[in-house]
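Asks: okay, here's the prediction I keep looking at, along with the sequence it came from:
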Amino acid sequence: MLQNIKKQANRGRLMKKYINIFASILFIFVFFLIQNIIFADNFDLRVVYPSNGATVNASSTFFVGATHPDAVLTINQIPVKVYSNGSFVQVFDLKKGANKIIVKSVLNDKEKEISYTLFVPNNSEGSKPITEKALSNEAFQYFTAKVIKDDAPIRKTPGGDRLTPIKKDTVIYIDMEKNGHYRVKFAEDKLVWISKNDVEVLNVSESLPPVICKKMKVINYPDKVIIKAFLDNKTPVEITEKNNLINIDLFNTISLKKRKFKKLPCFINEIKQEQTTGKLSLSVDLNAKNLYGYDYFYEGNVLNILLKKPPQIHPHYRKFKLKNNECKLNVLNGKIITIDAGHGGKESGSVGPTGVPEKDVNLAIAYYLKEILEKEGAKVILTREKDDFLGLYERPEIAKCHNSDILVSIHNNALPDGQDPYITHGTSTYYYQNQAIPLAEAVQASLVKKIGFKDLGIIKESFVLTRPSNPVSVLVEVGFMINPFEYEKLIDSQFQKQAAEGIKDGIEKYFAEAK
Ligand SMILES: [Zn+2]
């Protein structure tokens, strides 16, 4: 009996011991788990480029990535500069054949290591890294600069074709000067130009730290989708679009995660993210025929990319009308349309043989168009309502402020010296953005059909009134002020009404076919 009690007591002690050991193991396990959770975000090493096992057809490559800002980083024991946001970019020379490379980050007594094998084929040219070529302008001191104007023009060549404009306060890296312009290095293979007047020199520096993209979000609204990229600094952006595909490049940007975009709004089929040395790219595949206006803006360092959905026919506005015994859906009801009558005030535009200025003809057609569109329930904004002077750049701003679906600018044409107004005359519609092609085509076809002038077609041209990406914008040249036959009609109010009808038919067709 006594022995039994002793045995039980022993068993109890043993149990306690086991429980203690188990608790200690659990404690250590939980401790490491918590420590991992706490420190995983603080100390990590990520290389976004190149990928392990890659074949490199050059004598050097770049290592792009991020780690803890205080970590000591080496690539094969060569020290690498880590920027204050934790990012790094390092050119690394390669030999022919297999290259074993170790990227190592050390913080206090902790270490992270990534091993690489990169192959350089024996027949590789071993081309020099592009950096040297880009920096060949010897007399010039390289520096960083801040953009001081919002939507400052970015060009392919000094004074040449425009790319996506840049936002105020974006810091850029400048490596050359020419004809009043600075050359800006968005990436090794992306060299663009900006006017010297649009930037403020910051300081002479070796390079610009890459911008880190911490997370992304897709926010769905009834009429638009906004893609948000949470950056630690503003960065240059380029947006290109064609039909239902949009590509957004964030230069000098590193994403710390390879994102998979799930549960997207039905307006978007797919978003793909691609990381290369010079940029983070998003390609967006829309579930729509094409785009209906896009834009980008910053809220602090959060980049917002706005993509407008196809204009909807609100059930509330659905209305059928009888016209030549056919039922027709009123697609104009509720649409916001900005009409811009070209020139005004001190600016007459072209002048016809008897002295009527283009500005008056433009305004008359704009008024008739407003009247017809409003009858169909559209909300119409005129950029100018009188013979007033209005700056060119204010016009698209008015359209944007009113959240317009479209902007239509009305003009009448003239010719430079040396051309024959009896040969060159007729109707043309100008556009610049790909997304505006359907509107330009619809307006051009309907207007020509209505007024019977020679069809000069739709023309891609970079004008202040065709360049906006939000809203969809076109510019119509109804006819030629300096062709006597066309001029006679253009100053006739019945004809002006007819021209307005033609433009309205085109706008209606555009909205009816938008999807
Ligand atoms: Zn004009």
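Replies: Cool, the structure landed.

Asks: any idea how far Lys156 is from whichever residue of the stretch 101-250 of the chain sits closest to the ion?
Replies: Closest to the ion within the stretch 101-250 of the chain is Arg162: 20.5 Å, counting by Cβ to the ion. Yep, even glycine has a C-beta here, placed from its N, CA and C like the rest. For Arg162, the distance to Lys156 (Cβ to Cβ, to the nearest Å) stands at 8 Å.

Asks: what residues sit buried inside stretch 95-109?
Replies: 99, 101, 103-107 (16 or more other Cβ atoms under 10 Å).

Asks: hmm, who's touching that stretch?
Replies: Residues from elsewhere that reach stretch 95-109, judged by Cβ atoms under 8 Å, 6 or more residues apart in numbering: 43, 45, 47, 63, 65, 67-68, 70-76, 92, 111-122, 124, 126.

Asks: are any of those buried, and if so which?
Replies: Among those, those classed as buried by 16+ other Cβ under 10 Å are 43, 45, 47, 63, 65, 67-68, 71, 73-75, 92, 112, 114, 116, 118-120.

Asks: show only the entries of the contacts of stretch 95-109 found in strands.
Replies: 45, 47, 63, 65, 67, 72-75, 92, 111-120 (DSSP state E).

Asks: tally of neighbours for Ala414?
Replies: Neighbourhood size, Ala414 [other Cβ atoms under 10 Å]: 17.

Asks: do the same with the one 4 residues further on
Replies: Counted by other Cβ under 10 Å, the residues lying close to Gly418 total 5.

Asks: ok, now Asn57?
Replies: Asn57 has 12 neighbours, counted by other Cβ under 10 Å.

Asks: please work out how many residues are found near Ile271.
Replies: A count of nearby residues for Ile271, using other Cβ under 10 Å, gives 19.

Asks: now Asp455
Replies: Residues near Asp455, counting by other Cβ under 10 Å: 15.

Asks: that one contacts Gly426, doesn't it?
Replies: Yes. Here Asp455 reaches Gly426: they are 6.3 Å apart, a contact under Cβ atoms under 8 Å.

Asks: list residues touching both of these two?
Replies: The contact sets of Asp455 and Gly426 do not overlap (Cβ under 8 Å, 6+ apart).

Asks: need the residues of this structure near the ion, please.
Replies: For the chain, the contact set with the ion under Cβ under 5 Å from the ion comprises 342, 349, 411.

Asks: output the below-cut-off pLDDT ranges for the stretch 201-350 of the chain.
Replies: Applying pLDDT under 70 to the stretch 201-350 of the chain flags residues 205-206, 313-329.

Asks: all strands of it, in order?
Replies: All strands of the stretch 201-350 of the chain, identified by DSSP state E, counting those that start in this stretch, fall at 211-220, 224-231, 237-242, 245-251, 253-255, 268-275, 279-286, 294-299, 302-308, 320-323, 326-329, 336-341.

Asks: and the shortest one, what does it pack against?
Replies: Strand 253-255 makes packing contacts with strand 60-67, strand 211-220, strand 268-275, strand 279-286 when contacts are defined by 3 or more Cβ pairs under 8 Å, 6 or more residues apart in numbering; DSSP states H and E.

Asks: same check, this time on the third one
Replies: Of the remaining helices and strands, those touching strand 237-242 by 3+ Cβ pairs under 8 Å, 6+ apart are strand 162-166, strand 245-251, strand 294-299, strand 302-308.

Asks: and it, what's buried?
Replies: Neighbour-count burial for strand 237-242 [16+ other Cβ under 10 Å]: 237-239, 241.

Asks: could you do the longest one as well?
Replies: Judged by neighbour count (16+ other Cβ under 10 Å), strand 211-220 contains these buried residues: 211-213, 216, 218.

Asks: make TSV out of the residues you listed and add distance to Leu332.
Replies: Shown next, in TSV, are the buried residues of strand 211-220 (distance: Cβ to Cβ, whole Å):
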residue	distance to Leu332
Val211	43
Ile212	46
Cys213	41
Met216	37
Val218	31
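
Asks: many thanks, I have nothing further to ask.
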